[in-house]
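Novice: After the sequence you'll find the predicted model.
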Protein chains: 2
Amino acid sequence: MTIETQDEQRAATKDRLAAAPISHDVGFLLAKLHAGGSAVNNRALAEFDLKVRSYSVLILANSGLEPTQRELADFLSLDPSQIVALVDELEKRKLVVRAPGNQDRRAKTVTATPEGRELLAQAAIAARHAESEVLAALDDAEAAQLKALLRKALWG
Amino acid sequence: MTIETQDEQRAATKDRLAAAPISHDVGFLLAKLHAGGSAVNNRALAEFDLKVRSYSVLILANSGLEPTQRELADFLSLDPSQIVALVDELEKRKLVVRAPGNQDRRAKTVTATPEGRELLAQAAIAARHAESEVLAALDDAEAAQLKALLRKALWG
DNA sequence: ACGTATAGTTGAAAATGTCAACGATTGATT
DNA sequence: AATCAATCGTTGACATTTTCAACTATACGT
């Protein structure tokens, strides 16, 4: 048992602080799960030279919604200049193309190329695995419920 | 109606992209709600010269659990060096004190001073308001359910 | 036609994140 | 008891990310 003492203590100490009242703060819970989650997701996406950011842009570019960069910035809660960098890189890799906006020539819509679509299909599989890893402690119904509540909190 | 056209279009365009499949990705939902949430929380805490980070440390310092800096780092998903900076600042403001660890003289425990406790009491009120703002779209039962699911995902 | 507002882009400054090293201390092994 | 590897807090360097202010081109109301 001496052999396991360190590990036990580490395990015991690991979640000791979960007893603090901050564990009832939604902001904190979101931050913590998000931190762990994006680590897992980034690791899963690294294989495709993507991060959660570029992956998100790629999904939206492939959605058929033809988002403009401004819309991407708003939706992803990012500064427009960050979108420029993300789209620059994806475009350099031929995964995405910029097209002049239909109504508004200032705007540029971002759409996935066939290569982008193909890469996305594979990356999505990895992302799904990552997600189930993050939500391993929840059963399917609970995971669905969590998603539904998050969506409702965001969009009513 | 021309008067409202812009706003309507802006509102219509605002959540247009929510139709994209990424809206079913937990990682994305967490990121988005977390982004909005920490903006709201930071705004609410600015009045007390706190940010969500320092507020979290203060709560844990006041929890009676006497966390060490290492434990704070692990629990808050931060690098130990960031904890140093956070505790430095709180200690400079007399909100918190470092004490040598009881068993382990390498470790330093962080505990709130009476001033820290007092500030925390006020900040907690602001934080609670911020939280209800973030979760405005959820009723009480749903908010509780969301918290429970997040806690379960984190700690099983 | 004019002035104001917006989209994308650029670049700089500030804030954060990451990492490697170090002294002090610990605990296990010999 | 002496030693060796590991851990804690700390510092400083470096990379990444965020934030912001300009700028050009375009749109739109008046």
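Specialist: Looks like it came in fine. Residues are numbered from 1 along each chain as shown, chains lettered A, B, ... in the order given.
Novice: show me what contacts the residue nearest to the spatial centre of chain A?
Specialist: Residue closest to the mean C-alpha point of chain A, counted by C-alpha atoms, centre = their mean, is A:Val52 at 4.4 Å. The neighbours of A:Val52, taking C-beta atoms under 8 Å, 6 or more residues apart in numbering or on different chains as the test, are A:38, A:41-42, A:45, B:27-28, B:31. C-beta here means a position set from N, CA and C on the backbone, and glycine is covered the same way.
Novice: rerun at 10 Å
Specialist: A:37-42, A:44-45, A:76, A:127, A:130, B:25, B:27-28, B:31 (C-beta atoms under 10 Å, 6 or more residues apart in numbering or on different chains).
Novice: Show me what from chain A comes close to DNA strand C.
Specialist: If contacts are counted using C-beta under 7 Å from any atom of the strand, the residues of chain A sitting beside DNA strand C are A:2, A:5-6, A:68-70, A:73, A:80-81, A:83-84, A:87-88, A:98, A:101, A:104, A:106-108.
Novice: Just the buried ones from those residues?
Specialist: Buried members of those, counted by 16 or more other C-beta atoms under 10 Å in any protein chain shown: A:68-70, A:73, A:83, A:87, A:98, A:107-108.
Novice: farthest-separated two in the residues you listed?
Specialist: In terms of C-beta to C-beta, those reach their longest pairwise distance at A:Ala73 and A:Arg98, which sit 14.3 Å apart.
Novice: quick one, helices of chain A?
Specialist: When assigned using DSSP state H, the helices of chain A occupy the ranges A:2-14, A:26-46, A:52-61, A:69-76, A:80-92, A:114-134, A:140-155.
Novice: any idea of the mean pLDDT in the fourth one?
Specialist: Averaging pLDDT along helix A:69-76 yields 96.
Novice: Would it count as contacting chain B?
Specialist: Yes: figure legend: helix A:69-76 in contact with chain B (C-beta under 10 Å from any C-beta of the partner chain); contacting residues A:70-72, A:74-76.
Novice: now the fifth one
Specialist: No: using C-beta under 10 Å from any C-beta, helix A:80-92 never reaches chain B; the gap is at least 12.5 Å.
Novice: Next, the angle helix A:52-61 makes with that helix.
Specialist: 70 degrees (axes from the mean of the first three to the mean of the last three C-alpha atoms, to 10 degrees).
Novice: Then the last one?
Specialist: If you take the same axes, to 10 degrees, helix A:140-155 sits at 80 degrees to helix A:52-61.
Novice: Pull out the buried positions in helix A:140-155.
Specialist: If you call a residue buried by 16+ other C-beta under 10 Å, then helix A:140-155 has these buried ones: A:142-143, A:145-147, A:149-151, A:153-154.
Novice: near DNA strand D, which residues of chain A show up?
Specialist: Proximity of chain A to DNA strand D is assessed by C-beta under 7 Å from any atom of the strand, with A:51, A:78-79, A:81-82, A:103-106 identified as the residues in range.
Novice: Thanks a lot, catch you later.
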